[in-house]
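Q: Dropping a prediction and its sequence here:
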Amino acid sequence: MRVTVNGEARDVPEGATVATLLAAMGATGGRVAVERNREIVPRAEHGTARLAEGDQIEVVQFVGGG
Amino acid sequence: MEDILRIGPREIRSRLFVGTGKYADFPTMKQAIEASAAEIVTVAVRRLDPKATGEKSLLHWLPEEVTLLPNTAGCFTADEAVRTCRLARELGMSDMVKLEVIGDPRTLFPDTEALLAAAKVLVAEGFTVLPYTTDDPVVAKKLEDAGCAAVMPLGAPIGSGLGLQNAVNLQILLESVKVPVIVDAGVGTASDAAIAMELGCDGVLLNTAIAAAREPSRMAEAMRLAVAAGRAAYLAGRMPKKLHASASSPTAGLVG
């Protein structure tokens, strides 16, 4: 199943959740926020929110800024 | 008596807000933030860099006691800015945001029409909105009426260090709104920050003036002192300006 993550195409297994994706991206330690198809996926739902073909995912973090 | 700045539900003791961008490295940034004694620290929201974990992550280096103020820097539409704020709230568990909607990449001046539209959406969603805006008093009043918790007019273009270019507009703006006014952008050195506070502004937000100084932590301390001095001078009430001299020493009892 193919989704788009931060603007790049990515294959994820059928049944993958947001948490599966984050683990595959190595985003388990830091603080991240996830948007799917322009809607926030709350942290509490990362483990249950299943991805679907064509999903547009944004995974973000805080960086330095003014 | 303690001089507290109230923004939305928050009580803030430091009137100096600082950014976290443009530092040579994280240890320099940390030292500067500590020297500034700022309680509110701005951060940006960007796509995940999986390598930026542990000591390579910004959050690792921020003092625990600071409150993060996420910005929407780089957003050119109200929609992008609103989405970024929602992500920031999810990231930071706080509803306070520095709202920027940029209208021009060269000057980084705000698109005030889109800014107002985004502010209305965010206020309705329960955000504490601090908009980066122009020094236009009419726009500031509209932002206040839309429910923004403060307004943050620029003193000069972002990162320019030119100092306050239109103190008259800022004074009129200060008369036009009741919410706190925080000068955001344009401060280049300590006297610029002091002037903003002497005018009656409620706070100063700056980044490059510290980050681009030869000794950032020393400049951070200078900014802390300048903001405190300017605030004290404002509260004390300056003497009236006079064109001619007025002797400070008695004119009676002179020798000879």
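A: Done, it's in.
Q: Number of residues surrounding the closest residue to chain A within the stretch 101-250 of chain B?
A: The nearest approach of the stretch 101-250 of chain B to chain A comes at residue B:207, 3.2 Å away (C-beta to the nearest C-beta). Heads up, the C-betas are built off the backbone N, CA and C, glycines and all. Using other C-beta atoms under 10 Å in any protein chain shown, residue B:207 has 25 neighbouring residues.
Q: quick one, helices of chain B?
A: B:26-36, B:58-61, B:78-92, B:112-124, B:137-145, B:167-176, B:190-199, B:208-211, B:216-236 (DSSP state H).
Q: got the buried residues for the fifth one?
A: Read it as helix B:137-145. Using 16 or more other C-beta atoms under 10 Å in any protein chain shown as the test for burial, helix B:137-145 gives B:137, B:139, B:140, B:141, B:142, B:143, B:144.
Q: What sits closest to the residue of the stretch 101-250 of chain B closest to chain A if chain neighbours are left out?
A: Excluding the flanking residues, the one nearest residue B:207 by C-beta to C-beta, 6 or more residues apart in numbering or on different chains is residue B:19, at 2.7 Å.
Q: Can you give me the neighbour number for that neighbour?
A: By other C-beta under 10 Å, neighbour count at residue B:19 equals 30.
Q: show me the contacts for it.
A: Contacts for residue B:19 (C-beta atoms under 8 Å, 6 or more residues apart in numbering or on different chains) come out as A:64, A:65, A:66, B:41, B:42, B:205, B:206, B:207, B:208, B:211.
Q: Residue B:189 too?
A: B:161, B:163, B:209, B:219, B:222.
Q: so which of the buried residues of helix B:137-145 would you say is closest to residue A:26?
A: residue B:143 (40.2 Å; C-beta to C-beta).
Q: surely that closest one meets residue B:119?
A: Yes: under the criterion of C-beta atoms under 8 Å, residue B:143 makes contact with residue B:119 at 5.9 Å.
Q: The residue nearest to residue B:207 and residue B:240, how far apart?
A: 37 Å (C-beta to C-beta, to the nearest Å).
Q: which one of the contacts of residue B:189 has the most neighbours?
A: residue B:209 (26 neighbours).
Q: Check the spacing between residue B:211 and residue B:193 real quick.
A: From residue B:211 to residue B:193 the distance is 15 Å (C-beta to C-beta).
Q: what about the two, which has more around it?
A: residue B:193 (33 against 23).
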